[in-house]
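# sequence plus the predicted model coming up.
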Amino acid sequence: MTPEEREEQAMDMVIRLATTINAYEEVAFTSKSTNMGTYVYEKLDAIPEEFRPRLMDELSDVGLVNCWYIAGLLYKVKFQEREAGGALDISSDLEDYQERLDATVEQAAVSGADFSLDESVDDDDYADDEEGRAAKARRAAALVASAAGVQVFEGRAANVPGGPFVNRFQKVFYPSPKDVGVWFGRVVLKKPGFVEKYLPLYFRTNDTVERFVKVPATAEDADLLLDYQNPPYLEADMPPAMRYPSRRTPGAGAEGTWWPEPKLAIPPFDTLVDYLRPLGPGVYAGRGWRDGGRGDEFLTFILFRRYDAPPVE
């Protein structure tokens, strides 16, 4: 199968799945014997990893909101059955990908590779043609992203006026340097630097040893919570690969991810807690509540992990 045919096949799968999710209310009445949570998870798993984020553009706002409810159906599956086909939880998903990043770094160190996007990244005998140079560039980018040690998720919020110029963002995760089982991160609003500096929106998760959490306002189940009320604020809490004085970790693009000096969030984010549910591998449905999860509903959103590093062979 050529790369073009592979992409065409993946897009066909994406569009079919988006059509199902967008029409979930109608589908739910005709598929009562099927758990739509496991169905969507398996369909996403079948889509090649690098093409899964394409689903973001195919979902309607209604479909995006449907993702929260569809992901909630996974909690109706018995824990033993949920684990039988592989871990269907966010904690394991984050840990597995982090291990992939670490393995990429270790493999590169053994081969003597350089973590730069320079043409001299390695001495492999790539063909001196466009395809060979593209393969070399992809490998170089994967090494840089893996060395950064952070996981970048592209996000979209539902029912936000203004379209892609307003409703798109990133959430970037990394393991806490001190607390095993806890993840730190921040929301990248994709706005001018002065906005990001004023509103860095750092968060910390619950201890993932708990496995599952409850939304206080609704008693709904979730896998992970992102707490903006008590963010990481010490320099020792920042990603280990963050460089000074730029305060950036390397990654896709010329600048990677910026980590402004942490500060407490301002309203309406000061009491915000987001809750995440797994929709598929590297795909999470999320919803936020104010007042520490006990107040009014904030935004519903979806996250797709950016395909920065392929599996290590």
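Sure, I can see it.
# sketch out the low-pLDDT regions of this protein for me.
Scanning the chain for pLDDT under 70 picks out the ranges 28-32, 78-87, 112-129, 131, 162, 165, 252-255.
# recalculate using a threshold of 80.
In the predicted model, the chain carries pLDDT under 80 at residues 27-33, 78-87, 110-138, 161-166, 209-211, 251-255, 312-313.
# please, where are all the helices along this structure?
For the chain, the helices defined by DSSP state H cover 3-22, 24-30, 36-46, 55-58, 61-72, 79-84, 90-111, 130-148, 164-167, 193-198.
# buried ones in the first one?
Along helix 3-22, these residues count as buried under the neighbour rule (16 or more other C-beta atoms under 10 Å): 10, 13, 14, 17, 18, 20, 21, 22. No exception for glycine: its C-beta is placed from N, CA and C like everyone else's.
# would you list every one of the strands in the stretch 201-313 of the chain?
Secondary structure of the stretch 201-313 of the chain (DSSP state E, counting those that start in this stretch): strands located at 202-205, 213-214, 221-222, 224-227, 248-249, 257-258, 273-280, 283-289, 297-305.
# residue 39 is nearest to which of these?
Closest to residue 39 of the strands of the stretch 201-313 of the chain, according to C-beta to C-beta: strand 273-280, at 10.6 Å.
# list the pairing partners of the closest one within its sheet, with orientation.
Here strand 273-280 has these sheet partners by DSSP bridges: strand 224-227 (antiparallel), strand 283-289 (antiparallel).
# let me know which of the ones you listed is tucked in deepest.
Sort these by mean neighbour count, taking mean count of other C-beta atoms under 10 Å, and strand 283-289 sits at the top with a mean of 24.
# and for that one, what's in contact with it?
44, 52, 55, 67-68, 70-71, 90, 153, 155, 215-217, 224, 226, 272-279, 295-305 (C-beta atoms under 8 Å, 6 or more residues apart in numbering).
# report the contact partners of the closest residue in space to residue 236 that isn't next to it in sequence.
Counting by C-beta to C-beta, 6 or more residues apart in numbering, residue 236 lies nearest to residue 177, which is 6.4 Å off, once chain neighbours are set aside. By C-beta under 8 Å, 6+ apart, the contact set of residue 177 is 236, 237, 238, 239, 240.
# which among these gets closest to residue 1?
Nearest to residue 1 among these: residue 239, at 37.5 Å, using C-beta to C-beta.
# quick check, the closest one in contact with residue 258.
No: judged on C-beta atoms under 8 Å, residue 239 makes no contact with residue 258 at a distance of 11.2 Å.
# and this structure, what are its domains?
What automatic domain parsing lists as the domains of the chain is 3-84, 90-146, 150-305.
# any idea how far residue 234 is from residue 211?
Separation of residue 234 from residue 211 (C-beta to C-beta, to the nearest Å) stands at 27 Å.
# quick one, which of these two is more surrounded?
Each of residue 234 and residue 211 has its neighbours counted (other C-beta atoms under 10 Å); residue 211 has more, 14 against 9.
# could you find the closest non-adjacent residue to residue 36?
Leaving aside its chain neighbours, residue 36 sits nearest to residue 70 (5.1 Å; criterion: C-beta to C-beta, 6+ apart).
# what's around the one you found, how many residues?
Residue 70: 25 surrounding residues under other C-beta under 10 Å.
# residue 38 is in contact with that one, correct?
No: using C-beta under 8 Å, residue 70 is not in contact with residue 38, being 9.9 Å away.
# distance of residue 152 from residue 77?
Remark: distance between residue 152 and residue 77 (C-beta to C-beta) = 29 Å.
# those two - which one has more neighbours?
Here residue 152 and residue 77 are compared on neighbour count by other C-beta under 10 Å; more neighbours surround residue 152, at 23 against 17.
# once you drop chain neighbours, what's closest to that one?
Nearest residue to residue 152, sequence neighbours excluded (C-beta to C-beta, 6+ apart): residue 306, at 4.4 Å.
# is the one you found in contact with residue 150, as I believe?
No: judged on C-beta under 8 Å, residue 306 makes no contact with residue 150 at a distance of 10.2 Å.
# okay, these two: which has more neighbours?
Set residue 306 next to residue 150 and count neighbours by other C-beta under 10 Å: residue 150 wins out with 26 against 18.
# from residue 12, how far out is the more buried one?
Distance, residue 150 to residue 12, by C-beta to C-beta: 32 Å.
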